[in-house]
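Chemist: what shape does this take:
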Amino acid sequence: MEKYLSYSQEVLDAKEKGLPIVALESTIISHGMPYPQNVQTAREVEQIIRDNGAVPATIAIIDGKIKIGLTDEELEMFGNASNVAKTSRRDMGYLLATKKLGATTVAATMIAAELAGIELFVTGGIGGVHRGAETTMDISADLEELSQTNVAVVCAGAKSILDIGLTLEYLETKGVPVVGFGTDVLPAFYTRESEFSVNFRSDSAKEIADMMRAKWDLGLQGGAVIANPIPEGDALDAGFINGIIERALVEADEKGVKGKDVTPFLLGKVKELTEGTSLVANIALVKNNARVGAAIAVALNKNN
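Modeler: Next comes the predicted model:
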């Protein structure tokens, strides 16, 4: 792996000292938020993880290497660069071979984290089964990765632009546990609730860490979705956000937006129609996930 992995000094020191490490994706910086909020949020999320007893490792592909942990200058570069590829499982070999810049999605970050021996990953929301997938077969590679890669993923559920019911059905088929952190229902990213129940509820970082350790000790491959609701004060009204998503879906259909272009179109439309409040909510939920993720990483490290 030395040929393909490189580490920041902070992550190297953490590995040598046996400290808990939390993986972070870079797509949220390059493709998820506008500048300068993207870089500012990335820095603040990393600091939250440090303040809660763990070490952050933002992951990206740079110059033919998977970089585990980015310097401040590299965070700034990913926030500004226009030629950064959105990187999932299928893209990793190509980007490493061509030495192009790649910002890792949930799937690619999970792969890189497992290669680096990191068991916990914090993100905003996972990808899932898209609406209309029964005809388009548009299903995020994140779900397949969750079924085969041994990394627990703390997120605010699945974005309500997705078909949440089918997303849960897919995860169930693949044997991926969906755990609500302090909630009985699956949060829907911008909102604290959806109409769907989680598989298990846990109110304790230690309990979640014990569950993951037991799962992996038994040789049961794959991760878990740790669904952590957006803080109440930052959540958007469900009726409001769902109405906007419906409008955005109609517009996408009218404009012939298809495939991988649908998600960025919808998210852009949601941001526009909510007059930026969706971005504020997005930042708040990622920070909240970082707090919870750091606590689980600390607990996982203790029972390693």
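
Chemist: would you map the helices across the protein?
Modeler: Applying DSSP state H to the chain gives helices spanning 9-17, 27, 37-51, 72-80, 92-98, 106-115, 133-136, 141-148, 164-173, 205-217, 238-255, 262-273, 277-302.

Chemist: so which of those helices is nearest P229?
Modeler: Within those, the stretch nearest P229 is helix 277-302; the backing value is 8.2 Å (Cβ to Cβ). In this view, the C-beta of every residue, glycine as well, is placed from N, C-alpha and C.

Chemist: residues of the closest one that come out buried?
Modeler: 277-279, 281-301 (16 or more other Cβ atoms under 10 Å).

Chemist: same for that helix, what does it pack against?
Modeler: In terms of contacts (3 or more Cβ pairs under 8 Å, 6 or more residues apart in numbering; DSSP states H and E), helix 277-302 is packed against strand 21-24, helix 37-51, strand 120-122, strand 152-155, helix 205-217, strand 224-227, helix 262-273.

Chemist: distance between it and the chain's centre?
Modeler: 10 Å (Cα atoms, centre = their mean, to the nearest Å).

Chemist: for the chain, identify the residue most remote from the centre.
Modeler: Relative to the C-alpha centroid of the chain, counting by Cα atoms, centre = their mean, E254 is the outermost residue, at 29.6 Å.

Chemist: returning to that earlier point: any chance of CSV for the helices of the chain, columns distance to A156 and mean pLDDT?
Modeler: Converted to CSV, these look like this (distance: least, Cβ to Cβ, whole Å; pLDDT from 0 to 100):
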stretch, distance to A156, mean pLDDT
helix 9-17, 25, 98
helix 27, 16, 94
helix 37-51, 13, 98
helix 72-80, 21, 96
helix 92-98, 26, 98
helix 106-115, 13, 98
helix 133-136, 21, 84
helix 141-148, 14, 97
helix 164-173, 12, 97
helix 205-217, 16, 98
helix 238-255, 13, 91
helix 262-273, 14, 82
helix 277-302, 4, 96
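
Chemist: Throw those helices into a markdown table and include distance to V225, thanks.
Modeler: Shown next, in a markdown table, are these (distance: least, Cβ to Cβ, whole Å):
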| stretch | distance to V225 |
| --- | --- |
| helix 9-17 | 25 |
| helix 27 | 18 |
| helix 37-51 | 19 |
| helix 72-80 | 25 |
| helix 92-98 | 22 |
| helix 106-115 | 10 |
| helix 133-136 | 18 |
| helix 141-148 | 7 |
| helix 164-173 | 7 |
| helix 205-217 | 11 |
| helix 238-255 | 20 |
| helix 262-273 | 18 |
| helix 277-302 | 12 |
